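In: Sharing a sequence plus its predicted fold:
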Amino acid sequence: MTHEQISNLNKIAKQMIAPGKGILAADESMKSIEKKFTKINLESTEENRRAYRDMFFTTPGMEEFISGVILFDETIRQKTADGTPFVELLQSKGVLPGIKVDGGLEPMADSPDEKVTKGLDGLAERFAEYAKLGAKFSKWRAELSVSDILPTDNCIQENNKRLAEYAKLSQEAGIVPMVEPEVMMNGENTIERCTEVSEKVLTSLFEELKKAGVALEGTILKTNMSIPGQKSGQTAAPEQIAEATLRVYNKTVPKNIPGIVFLSGGQSSIEATANLNAVSQAGSQPWPISFSYGRALQDDALMIWQGKPANVTDAQKAFYKRARLNSLAVQGKYSSEMENEA
Ligand code: 13P
């Protein structure tokens, strides 16, 4: 990679992590969007999926808080109700279009309880097409389940090798990779176990990125906070979550990474905002830290929308509010009383 190519990637990465802004993950796979729509009794048709994404992307002023949107393969080809391609709409608002490129999960050959992310076949060709369609960044997610014995070293290594191979191909296409190892928060594990696993996963990730020759200046890390498993019965205050999360990052994440963004991973909208705020309030770090939420940015709007055009304006207001509160949280200026404001 030439200096110029790396500098171009670095410029995009910095735009993604611009002060006070974060990323909307709107790249749900067919299975995930169906799960969301089931909650509101809505069939997952192409038009319903289009209308749902249209609602978020056309929200007036969302660009004050949102620097980029991760799209799904179907979504990057879709248009607004008035026929403007989504990519064009986002560009006109100064919002970077991104694209999810992984192909979902497959079982690990020698560890059937674990999954490894697939999607490397034909990826270089797909990147060439996505670059033409206007994608400026991409995402690949690996899922790591936690128990007393999981994840295995093999699973961590195989997932991170694939993440590194993906990141290299993304950069070669001029697209900033958002590498996402997600240590799952749906287990019985304590916050201490999540912290220990996260440290191991990130240490291995940066080893693999280095081996593959990925330019860190043109890479964004998307990952989990250190948080107790949802079935652990343990609770942790935002300050404790922030302290454990930042301890791991400071041990593992190289200083030339342009930014780190959180996934929400099943936290409620309010928890995800409060925890992000605590991270920001813990003081200055070597990298900017922001959000790249899916559920925590969308869920309030989804429940108001209910698939009905008449509810779009109110749902957009709810999305705008969530985006604004998360923007305040990135600056450490959020407080729970703000939840009661309009
Ligand atoms: P959640 O914030 O809903 O976890 O989604 C973020 C994401 O992009 C997961 O890959």
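Out: Noted; the coordinates are in hand.

In: next helix or strand past the helix or strand bottoming out on mean pLDDT in the chain?
Out: Every helix and strand in the chain was compared by mean pLDDT, DSSP states H and E; the lowest is strand 111-117, with a mean of 95. For strand 111-117, the following helix or strand on the C-terminal side (DSSP states H and E) is helix 123-133.

In: give the contact list for the closest residue to the ligand within the stretch 51-200 of the chain.
Out: Using CB to the nearest ligand atom, the point where the stretch 51-200 of the chain gets nearest to the ligand is residue 141, with a distance of 4.2 Å. In this view, the C-beta of every residue, glycine as well, is placed from N, C-alpha and C. Residues counted as contacts of residue 141 (CB atoms under 8 Å, 6 or more residues apart in numbering) are 100, 102, 117, 180-182, 222.

In: Relative to residue 163, which of the residues you listed is nearest.
Out: Of all the contacts of residue 141, residue 163 sits closest to residue 181, with 6.6 Å by CB to CB.

In: The closest one against residue 200, yeah?
Out: No. Counting by CB atoms under 8 Å, residue 200 is not a contact partner of residue 181; they are 10.3 Å apart.

In: Among those two, which residue is more densely surrounded?
Out: Counted by other CB atoms under 10 Å, residue 181 and residue 200 do not tie: residue 181 has more neighbours, with 24 against 17.

In: Around the ligand, which positions in the stretch 101-250 of the chain sit nearby?
Out: 141, 180 (CB under 6 Å from any ligand atom).

In: Tell me which stretches of the stretch 51-200 of the chain form strands.
Out: Along the stretch 51-200 of the chain, the segments classed as strands by DSSP state E, counting those that start in this stretch run 66-71, 96-100, 105-108, 111-117, 137-144, 176-183.

In: Now residue 207: closest residue in space, sequence neighbours ignored.
Out: Closest residue to residue 207 apart from its sequence neighbours, by CB to CB, 6 or more residues apart in numbering: residue 160 at 7.7 Å.

In: With residue 136 instead?
Out: Closest to residue 136 by CB to CB, 6+ apart is residue 96, at 4.6 Å.

In: Let me see the contact set for that neighbour.
Out: 12, 15-16, 67-69, 90, 136-137.

In: So the residue lying closest to residue 141 once chain neighbours are set aside versus residue 205, what's the distance?
Out: In space, and not counting its chain neighbours, residue 141 is closest to residue 180: 4.3 Å by CB to CB, 6+ apart. For residue 180, the distance to residue 205 equals 10 Å [CB to CB, to the nearest Å].

In: Who are the contact partners of the closest residue to the ligand within the chain?
Out: Taking CB to the nearest ligand atom as the measure, the chain has residue 294 as its residue closest to the ligand, at 2.8 Å. The contact partners of residue 294, by CB under 8 Å, 6+ apart, come to 24-28, 263-264.

In: Make TSV from these and add pLDDT to it.
Out: Below are the contacts of residue 294 laid out as TSV (pLDDT from 0 to 100):
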residue	pLDDT
24	99
25	99
26	98
27	98
28	98
263	98
264	98
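
In: Out of those residues, which sit inside helices?
Out: Among the contacts of residue 294, no residue falls in helices (DSSP state H).

In: show me which of the residues you listed neighbour the ligand.
Out: Filtering the contacts of residue 294 for neighbours of the ligand using CB under 6 Å from any ligand atom leaves 25, 263-264.

In: now, among the residues you listed, which is nearest to residue 124?
Out: residue 25 (24.0 Å).

In: ok, the closest one touching residue 263?
Out: Yes. Using CB under 8 Å, residue 25 makes contact with residue 263 at a distance of 7.4 Å.

In: Which stretches in the stretch 101-250 of the chain count as helices?
Out: Assigned helices in the stretch 101-250 of the chain, in chain order: 123-133, 153-172, 191-211, 238-252 (criterion: DSSP state H, counting those that start in this stretch).

In: what's the average pLDDT for the second one?
Out: It stands for helix 153-172. Averaged across helix 153-172, pLDDT comes to 98.

In: list the helices and strands it packs on?
Out: Helices and strands touching helix 153-172, by 3 or more CB pairs under 8 Å, 6 or more residues apart in numbering; DSSP states H and E, are strand 105-108, strand 111-117, helix 123-133, strand 137-144, strand 176-183, helix 191-211.

In: can you do 10 Å?
Out: Helix 153-172 makes packing contacts with helix 3-16, strand 105-108, strand 111-117, helix 123-133, strand 137-144, strand 176-183, helix 191-211 when contacts are defined by 3 or more CB pairs under 10 Å, 6 or more residues apart in numbering; DSSP states H and E.
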